[in-house]
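> sharing a model that was predicted from the sequence below.
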Amino acid sequence: MDSAVDVGDGLTVTSLYYSFPVGDLDVVAGPLVDQDDVVAATSSAYSDTFYLSALPFSLAGNETGAGVGVSYAADNGIVASASFVSSESDDPQVGINSDEGDDTTTLTLGYDGDGFGGGVVIASNDGDSFDYGYDTIGGGIYYSPEAIPATISLSYDTAEDTDDEEATNFFVGIDYEVGPGSLALAYSNTETDITGVPDLEITGFEIAYTIDVNDSVSITPGFFTVEEEFDGGEEDYQGIVVETKFSF
């Protein structure tokens, strides 16, 4: 695939934090917290198998650094969370929550019922590091009908950066139990207006099937295709993936 990246053979720690309860709250704190590590609301129940996923802007998870988060889940199904991450916290000249580093705040609110639910996610990056931040708001719902062994997820996400460039994403995903495994289908459409690439539209589709070989191993073969159309041209690319997961 042209999207493959050679990252070398070194071992890298990408997340490191400690979670603990405080009364009815769950608190997370640590030196390596991802922007999407503390999310109470479920805006999509899709399995996010390969290339496509819901809320690509609000839950991109691009920022990592020293952070803290708190989440709450009520007995009636209401859930909420808030998190704060400083991306340049590892730089002693920048630190945490300074005017020289990017700080990202993420808020979520949702409801998880019996077979259905949804949530709203709001994220904001102040852009102090490179004077380039963003504000996003996204939401979605999911539903598992009693008549069929399936879960349907719908979501819509929006983003706007400091240059007033805007982007939107619509996503629909279906997980369906078939035979001994689970079939996943997803469609995504993204429209952006980016400087240098105006009127960019990205349409993607994927299909995958997951089967548990045993209690420790699962195999997921799948296929995805993406079409990019922009002012002056277009580009298509596809990928065939066989993913094997091991748990110990």
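Yep, it's here.
> show me where pLDDT drops low in this structure?
Across the chain, the ranges flagged by pLDDT under 70 are 1-7, 49, 130-131, 195-197.
> now do the SS call for the residue nearest the centre of it.
Centroid-nearest residue in the chain: residue 59, 4.0 Å away (criterion: C-alpha atoms, centre = their mean). Per DSSP: H, G, I helix; E, B strand; the rest coil, the local secondary structure of residue 59 is coil.
> measure it to residue 67 for me?
Counting by C-beta to C-beta, to the nearest Å, the gap from residue 59 to residue 67 is 15 Å. Yep, even glycine has a C-beta here, placed from its N, CA and C like the rest.
> do the same with residue 104
Residue 104 is 8 Å from residue 67, by C-beta to C-beta.
> neighbour count winner among those two?
The residue with more neighbours, out of residue 104 and residue 67, is residue 67; 27 against 24, by other C-beta atoms under 10 Å.
> outside of the helix or strand containing the more buried one itself, list whatever touches it.
Residue 67 belongs to strand 64-73 when assigned by DSSP states H and E. Strand 64-73 is touched from outside by 14-15, 17, 24-35, 37-40, 79-90, 96, 106, 112, with contacts defined as C-beta atoms under 8 Å, 6 or more residues apart in numbering.
> next step: these restricted to strands.
Those of the contacts of strand 64-73 mapping onto strands are 17, 25-34, 79-86, 106, 112, per DSSP state E.
> the residue nearest to the centre of the chain contacts residue 36, correct?
Yes. Contact status for residue 59 versus residue 36: in contact at 4.5 Å, counting by C-beta atoms under 8 Å.
> what about residue 203, which helix or strand?
strand 197-212.
> mind listing what's buried in that strand?
200, 202, 204-206, 208-210 (16 or more other C-beta atoms under 10 Å).
> could you list every helix and strand in contact with it?
strand 181-194, strand 217-230 (3 or more C-beta pairs under 8 Å, 6 or more residues apart in numbering; DSSP states H and E).
> and those strands as TSV, adding distance to residue 132?
Listed next are the helices and strands packed on strand 197-212 as TSV, based on distance: least, C-beta to C-beta, whole Å:
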stretch	distance to residue 132
strand 181-194	12
strand 217-230	21
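> of those, which is nearest residue 164?
Nearest to residue 164, of all the helices and strands packed on strand 197-212, is strand 181-194, at 9.1 Å by C-beta to C-beta.
> who's in contact with that closest one?
46-47, 49, 52, 56, 165-177, 199-212, 222.
> for the closest residue to residue 186 other than its chain neighbours, give me phi and psi.
Using C-beta to C-beta, 6 or more residues apart in numbering and skipping residues adjacent in sequence, the residue nearest residue 186 is residue 173, 4.1 Å away. Main-chain dihedrals, residue 173, degrees, to the nearest 10: phi -140, psi 150.
> now the residue nearest to the centre of the chain: how far from residue 47?
For residue 59 relative to residue 47 (C-beta to C-beta), the value is 15 Å.
> shared neighbours of residue 59 and residue 36, anything?
In contact with both residue 59 and residue 36: no residue, using C-beta under 8 Å, 6+ apart.
> quick one: stretch 103-116 to chain centroid distance?
The chain centre lies 13 Å from the centre of stretch 103-116; the measure is C-alpha atoms, centre = their mean, to the nearest Å.
> ok, now which ones touch the residue nearest to the centre of the chain?
Applying C-beta under 8 Å, 6+ apart, the residues near residue 59 are 35-36, 39, 43, 53, 121, 123, 138.
> what residues are up against the residue nearest to residue 186?
Neighbours of residue 173 in contact, by C-beta under 8 Å, 6+ apart: 44, 46-48, 52, 54, 152-153, 184-187.
> will you turn those into CSV that also has distance to residue 127 and neighbour count?
Below are the contacts of residue 173 laid out as CSV (distance: C-beta to C-beta, whole Å; neighbours: other C-beta atoms under 10 Å):
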residue, distance to residue 127, neighbour count
44, 27, 26
46, 30, 24
47, 33, 19
48, 27, 14
52, 27, 23
54, 24, 29
152, 36, 19
153, 31, 24
184, 35, 23
185, 37, 17
186, 31, 26
187, 32, 14
